[in-house]
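>>> A predicted structure for the sequence below; I have some questions about it.
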Amino acid sequence: MSRKSFTAILRMFAPVSCAMAENILSVLDLCEHPNPAKGEKKACATSVESMVELAAFVLGTRDLRTFPSSPSVPVEGRAGSKAYRMATVTAITGTGDTMTCHGAAFPCKVFVCHALVPTRVYSVALESDDDGVEEEEEEKVEALVVYHLNTSEFDPEKMPPNVKPGEAPVCHFLNRDDILWAPAATTLGEQGAYRSRPVVAA
């Protein structure tokens, strides 16, 4: 994928809004020039098959486990101001290699995948802590959390306030469209909504 295909993609999915055209160009730029951090592996996948092959290459094994985000995770940008508390935290992988693929804003399926080690992955059960939540609203969320142990090469602008790269580990939740890959040998179990799916690349 590159900027050279921008016009062809616009024709293929016409009519395209200005906002979508900007998203398409941004994704094409990112896929053509991923600009990974030191020690990071980063690439785009445009199909399930290419994602499996990329995971096998990056993680160095064809015996893989995949952890898709739970449907209970709110769509990005639609979570509102609802407050949650952590009910349980369960380790999914030990310290090691994982690859996360993030769904990109594109008219067809495109995932931006990257691996930055070492990491640990946890399954976190969240319960609503908002007294104003109505009964019919979903009050429990099962989410994946990626814990980055080495942040020395992180972009300073992506670090938490008052924390510099390398000063502390950083963790973040995965969005609904994100998929996490891990070698089968490093997964610790199958908990809550996150029952891993075995994948053996052909």
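Looks like it came in fine.
>>> Which secondary structure elements does the top strand by length along the chain sit against?
Ranked by number of residues, the top strand in the chain under DSSP state E is strand 84-96. With contacts taken as 3 or more C-beta pairs under 8 Å, 6 or more residues apart in numbering; DSSP states H and E, strand 84-96 sits against strand 119-128, strand 140-148, strand 179-183. Every residue, glycine included, has its C-beta placed from N, CA and C.
>>> okay, now the domains of this structure?
Listed domain ranges for the chain are 1-33, 39-200 (source: automatic domain parsing).
>>> Kindly report which one of those carries the lowest mean pLDDT.
For those, mean pLDDT drops lowest on domain 39-200, to a mean of 85.
>>> And the helices in the chain?
With DSSP state H, the ranges of helices along the chain come out as 6-12, 18-32, 48-59.
>>> got the domains of the chain as JSON lines, with mean neighbour count columns?
Shown next, in JSON lines, are the domains of the chain (neighbours: other C-beta atoms under 10 Å):
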{"stretch": "domain 1-33", "mean neighbour count": "13"}
{"stretch": "domain 39-200", "mean neighbour count": "16"}
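>>> Correct me if wrong: K109 contacts T46.
Yes - between K109 and T46 there is a contact under C-beta atoms under 8 Å: 7.0 Å.
>>> for the closest residue to A168 other than its chain neighbours, what are its contacts?
Of all residues not flanking A168 in the chain, T151 sits nearest, at 6.9 Å (C-beta to C-beta, 6 or more residues apart in numbering). Counting by C-beta atoms under 8 Å, 6 or more residues apart in numbering, T151 makes contact with M159, P165, G166, E167, A168, P169, V170.
>>> and these as TSV, adding distance to D129?
Formatted as TSV, those follow (distance: C-beta to C-beta, whole Å):
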residue	distance to D129
M159	26
P165	31
G166	32
E167	29
A168	25
P169	24
V170	23
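>>> In strands only, show me those.
V170.
>>> quick check, nearest of the contacts of T151 to V117?
Of all the contacts of T151, V117 sits closest to P169, with 12.6 Å by C-beta to C-beta.
>>> For the closest one, what are phi and psi?
phi -60, psi 160 (degrees, to the nearest 10).
>>> quick one: it and Y147 touch, right?
Yes - using C-beta under 8 Å, P169 is in contact with Y147, at 6.2 Å.
>>> Which residues are in contact with the residue nearest to E40 when sequence neighbours are not counted?
Spatial nearest neighbour of E40, excluding adjacent residues (C-beta to C-beta, 6+ apart): L116 at 4.4 Å. By C-beta under 8 Å, 6+ apart, the contact set of L116 is A37, G39, E40, K41, H148.
>>> how about 10 Å then?
36-42, 97-100, 146, 148-151, 153-154 (C-beta atoms under 10 Å, 6 or more residues apart in numbering).
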